[in-house]
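In: here's my sequence, what's the structure:
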Amino acid sequence: MNRLFCIFLLCLLAFTAHAENFTASVDRTQIDSGEMVELTLESDETTLFGKPDLSPLNELFDVYGTRQVNRLTSVDGASHATTRWIVTLSPKHSGYVVIPPITLADKTTEPITLHVQEASANNQKGEMAPVFIDASIDKESVYVQAQTILTLRIYHSVSLYDDSSLTPLEIADARVEPLGKPRTYEKQINGVRHGVIELRYAIFPQKSGTLDIPAQTFTATTVGRASANEFNPFGPRPGKVARVKSSVIALTVKPKPASYPSDAPWLPASALSLAESWSPEPTNAKVGDSLTRTLLLKAEGLSSAQLPALPQTQATGLKRYPDQPQLSNETSERGVIGSREEREALVAKQSGKVELAPVEVVWWNTDKDQLERTAVPARTLEIAVNSEISNNPAPVAALPATTQTEQAVWPWQLACFLLSLSTVISLALWWYARRQPAITRIAATGPSPRTLLDDIKRACLANDAQTSRAALDAWARQQPETLADMAARYEPLSAELHNLNGALYSETAQQWQGEALWQAVRSLPALAPSEAANSAENNALPALYPR
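Out: Sure thing, here's the model as predicted:
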């Protein structure tokens with residue numbers, strides 16, 4: 001009974017520990033004065049009742065509404081319930097405004113800082129229209145291939161149907177990348193509440209000079225009110241088509257500075273970092289050990305496609321096995337953040353000190369408008385002797401002159417004797433075979449081709465390189481052509497055999513995956529009848545009794 005009570009208590013404690021999350025988040029942290037922001041409060045505590053205390057918000061914010069959303073999700077058969085309170089806020093002041101901690105029972109959220117900017121004059125030009133659009137860029141002048149952010153805000157003081165559309169942003173001499181999904185929020189303009197649809201794009205000019213960002217056209221149907229005589233519950237809802245267009249923006253694109261090194265890739269970024277990591281740490285490395293070195297290059301304001309390859313590791317005493325680079329992009333309030341990760345396996349071939357040269361990246365800081373260099377410093381590896389591996393073979397002792405002479409003479413005599421003996425035996429067998437009647441060829445015995453294919457499949461799916469190679473050889477011996485011939489006429493099989501050989505005779509054997517090899521064997525095209533006949537003739541033995 002006590003044991004059951006302890007189990008129940010532990011389960012209760014585990015559930016309580018799991019349900020302690022009460023967090024706060026906002027849809028964006030930079031807004032203009034008069035705009036609204038959505039504060040989301042989320043709790044997974046199922047035993048709490050009531051609502052969060054929103055009174056601390058009244059001092060710095062206008063609270064326009066709160067709605068509650070309950071969600072129930074299932075992960076791996078376990079149900080997980082969450083409750084969200086979505087609060088619509090509008091800051092009363094500009095500058096940096098802090099959303100204070102919110103309390104629910106004995107739980108409290110962390111404070112959140114908002115940057116509230118003064119509303120620009122562009123936002124007032126269409127304030128009387130029911131629908132208008134505003135376009136702006138974060139920089140009026142940028143370097144070639146550097147990032148500028150275009151922000152489109154569509155304001156509407158009337159409801160819109162869901163048939164709205166926006167022309168695609170296409171610029172001939174620039175590369176355009178959307179920054180996340182469109183945002184929707186509300187903003188007060190001259191006391192009138194407007195809905196806002198915000199879209200952001202990262203633009204990378206590819207040529208210096210003046211770049212014109214074309215106007216964008218937004219089309220939507222406004223929701224109107226039908227008169228009493230025109231009311232038709234089954235007909236189309238009344239409305240008017242609204243079509244608004246943004247202004248053309250001229251962007252000045254500056255060429256690459258003359259002071260930038262001519263032999264270095266052009267990297268205009270607002271921030272750049274280069275980090276190094278090892279697995280395992282090379283502090284206790286020995287001869288024959290495999291060390292994985294990872295270099296991560298991350299640039300703010302550049303996509304991963306713009307990041308160059310890093311210098312290769314060149315060091316005496318290390319054998320290098322590089323992997324394919326991993327490229328990724330992420331978006332933030334400041335635009336695109338591109339990263340390039342390069343990983344390589346380094347195998348120590350000899351003991352002693354190994355000097356690794358520094359890895360340096362030259363780039364142009366667009367915020368400070370100056371040349372900068374970011375580098376991973378040089379490093380010295382201490383490679384210890386591995387007692388399990390003999391680096392220096394034992395020297396062979398000098399033999400006496402007479403022994404060396406005997407060793408030089410006797411091999412020739414022995415070779416001549418064996419050659420003569422084999423010739424006599426061959427002649428005797430041939431004479432004996434001539435006197436024997438013809439015999440029929442006995443069919444070869446052994447496993448069936450289907451059984452051998454099952455052995456290949458089982459070994460490949462188990463990622464067993466040694467067994468897979470043995471099963472392949474056994475299967476190939478029953479085919480009309482050799483394994484090399486199959487690989488020569490089928491490229492996927494050739495590539496997978498290369499990977500298998502690399503796994504068998506390199507340091508990365510434990511990383512081999514055999515499913516692709518099994519797929520290549522299974523999809524090997526059959527020989528044409530003419531090719532099969534030629535292969536059979538080439539592999540057939542000559543007749544025992546030629547006529």
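
In: contacts, neighbours, all on C-alpha from now
Out: OK.

In: low-scoring stretches of the stretch 101-250 of the chain, by residue?
Out: By pLDDT under 70, the low-scoring segments of the stretch 101-250 of the chain are 119-128, 224-239.

In: find the nearest non-adjacent residue to residue 160, please.
Out: Using CA to CA, 6 or more residues apart in numbering and skipping residues adjacent in sequence, the residue nearest residue 160 is residue 222, 4.5 Å away.

In: host element of the one you found?
Out: Here residue 222 sits within strand 217-223, counting by DSSP states H and E.

In: can you pull the buried residues of that strand?
Out: Neighbour counts over strand 217-223 (16 or more other CA atoms under 10 Å) mark 217, 218, 219, 220, 221, 222 as buried.

In: these into CSV, with extra columns for distance to residue 204?
Out: Converted to CSV, the buried residues of strand 217-223 look like this (distance: CA to CA, whole Å):
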residue, distance to residue 204
217, 22
218, 23
219, 27
220, 29
221, 33
222, 35
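
In: closest to residue 306 out of these?
Out: residue 217 (30.6 Å; CA to CA).

In: for the residue lying closest to that closest one once chain neighbours are set aside, grab phi and psi.
Out: Spatial nearest neighbour of residue 217, excluding adjacent residues (CA to CA, 6+ apart): residue 245 at 4.3 Å. Backbone torsions for residue 245, taken as degrees, to the nearest 10, come to phi -130, psi 140.

In: now residue 245: how far from residue 129?
Out: 13 Å (CA to CA, to the nearest Å).

In: who has more neighbours, the two?
Out: The neighbour comparison of residue 245 against residue 129 (other CA atoms under 10 Å) goes to residue 245, with 17 against 11.

In: okay, the strand holding residue 222 in PDB with CA atoms only?
Out: Only the C-alpha atoms of strand 217-223 are listed here, as PDB (Å, rounded to 0.1, in the frame of the first residue of the first chain):
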ATOM      1  CA  THR A 217      -0.700  47.000 -56.600                       C
ATOM      2  CA  PHE A 218      -3.100  45.700 -54.000                       C
ATOM      3  CA  THR A 219      -6.600  44.700 -55.000                       C
ATOM      4  CA  ALA A 220      -9.500  43.700 -52.700                       C
ATOM      5  CA  THR A 221     -13.200  43.900 -52.300                       C
ATOM      6  CA  THR A 222     -14.600  46.000 -49.400                       C
ATOM      7  CA  VAL A 223     -17.500  44.700 -47.400                       C
END
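
In: elements contacting it?
Out: Using 3 or more CA pairs under 8 Å, 6 or more residues apart in numbering; DSSP states H and E as the contact test, the elements touching strand 217-223 are strand 165-166, strand 239-245.

In: what angle sits between it and strand 239-245?
Out: 160 degrees (axes from the mean of the first three to the mean of the last three CA atoms, to 10 degrees).

In: hmm, who's touching strand 217-223?
Out: 133, 158-167, 237-246 (CA atoms under 8 Å, 6 or more residues apart in numbering).

In: what does stretch 43-63 give?
Out: Applying CA under 8 Å, 6+ apart, the external contacts of stretch 43-63 come out as 16, 19-23, 80-84, 87-93, 97, 99-105.

In: got the buried residues for it?
Out: 43, 44, 45, 57, 60, 61, 63.

In: need those in JSON lines (columns: secondary structure, pLDDT and distance to residue 419).
Out: Output for those, formatted as JSON lines (DSSP: H, G, I helix; E, B strand; the rest coil; pLDDT from 0 to 100; distance: CA to CA, whole Å):
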{"residue": "43", "secondary structure": "strand", "pLDDT": "85", "distance to residue 419": "90"}
{"residue": "44", "secondary structure": "coil", "pLDDT": "81", "distance to residue 419": "88"}
{"residue": "45", "secondary structure": "coil", "pLDDT": "74", "distance to residue 419": "91"}
{"residue": "57", "secondary structure": "helix", "pLDDT": "89", "distance to residue 419": "103"}
{"residue": "60", "secondary structure": "coil", "pLDDT": "88", "distance to residue 419": "105"}
{"residue": "61", "secondary structure": "strand", "pLDDT": "86", "distance to residue 419": "104"}
{"residue": "63", "secondary structure": "strand", "pLDDT": "85", "distance to residue 419": "105"}
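
In: of the residues you listed, closest to residue 279?
Out: When these are compared against residue 279 (criterion: CA to CA), the nearest one is residue 44, at 37.4 Å.

In: quick one: the helices in this structure?
Out: Assigned by DSSP state H, the chain shows helices spanning 2-18, 401-434, 449-461, 465-476, 483-489, 491-504, 515-522, 529-539.

In: measure how buried residue 213 is and give me the count.
Out: Per other CA under 10 Å, the neighbour tally for residue 213 reads 20.

In: from residue 314, how far off is the closest residue to residue 378 other than its chain neighbours?
Out: The shortest distance from residue 378 to any residue other than its chain neighbours is 4.1 Å, reached at residue 358 (CA to CA, 6+ apart). Counting by CA to CA, the gap from residue 358 to residue 314 is 11 Å.

In: mind giving me the domain split of this structure?
Out: Each domain of the chain is listed here as a residue range: 19-117, 121-226+238-254, 268-383, 449-525, per automatic domain parsing.

In: follow-up on the earlier one: can you give me the separation between the residue nearest to residue 160 and residue 243?
Out: To residue 243, residue 222 is 10 Å away according to CA to CA.

In: cool, residue 288 as well?
Out: For residue 288 relative to residue 243 (CA to CA), the value is 70 Å.

In: the more surrounded of those two?
Out: More neighbours surround residue 288 than the other of residue 288 and residue 243, with 21 against 16 (other CA under 10 Å).

In: contacts only, for the closest residue to the more buried one other than its chain neighbours.
Out: Residue nearest to residue 288 in three dimensions, not counting chain neighbours: residue 348, with 5.3 Å by CA to CA, 6+ apart. Residue 348 is in contact with 286, 287, 288, 289, 290, 317, 318, 319, 383, counting by CA under 8 Å, 6+ apart.

In: which of the residues you listed sits closest to residue 70?
Out: For the contacts of residue 348, the nearest to residue 70 is residue 290 (51.4 Å; CA to CA).

In: I'd say the closest one and residue 346 touch.
Out: Yes: under the criterion of CA atoms under 8 Å, residue 290 makes contact with residue 346 at 5.6 Å.

In: count of residues packed around residue 335?
Out: Neighbours around residue 335, by other CA under 10 Å: 24.

In: so what pairs up with it in the strands?
Out: On the basis of DSSP bridges, residue 335 is bridged to residue 332.

In: isn't it right up against residue 180?
Out: No: if you go by CA under 8 Å, residue 335 and residue 180 don't touch, sitting 9.6 Å apart.

In: quick one, what contacts residue 294?
Out: 276, 277, 278, 341, 342, 343, 344.

In: measure the nearest residue to the second one once chain neighbours are set aside to residue 194 for me?
Out: Spelled out, that is residue 277. Setting aside the residues directly before and after it, residue 277 is nearest to residue 294 in space (CA to CA, 6+ apart), at 5.2 Å. Distance, residue 294 to residue 194, by CA to CA: 50 Å.

In: can you check residue 254 too?
Out: Noted for residue 254: a distance of 38 Å to residue 194, by CA to CA.

In: check residue 137 too.
Out: With distances taken as CA to CA, residue 137 is found 22 Å from residue 194.

In: rewinding a little: next one: the strand holding residue 222 to chain centre, how far?
Out: Relative to its chain's centre, strand 217-223 lies at 38 Å (CA atoms, centre = their mean, to the nearest Å).

In: for stretch 260-267, same thing?
Out: Offset of stretch 260-267 from its chain centre (CA atoms, centre = their mean): 27 Å.
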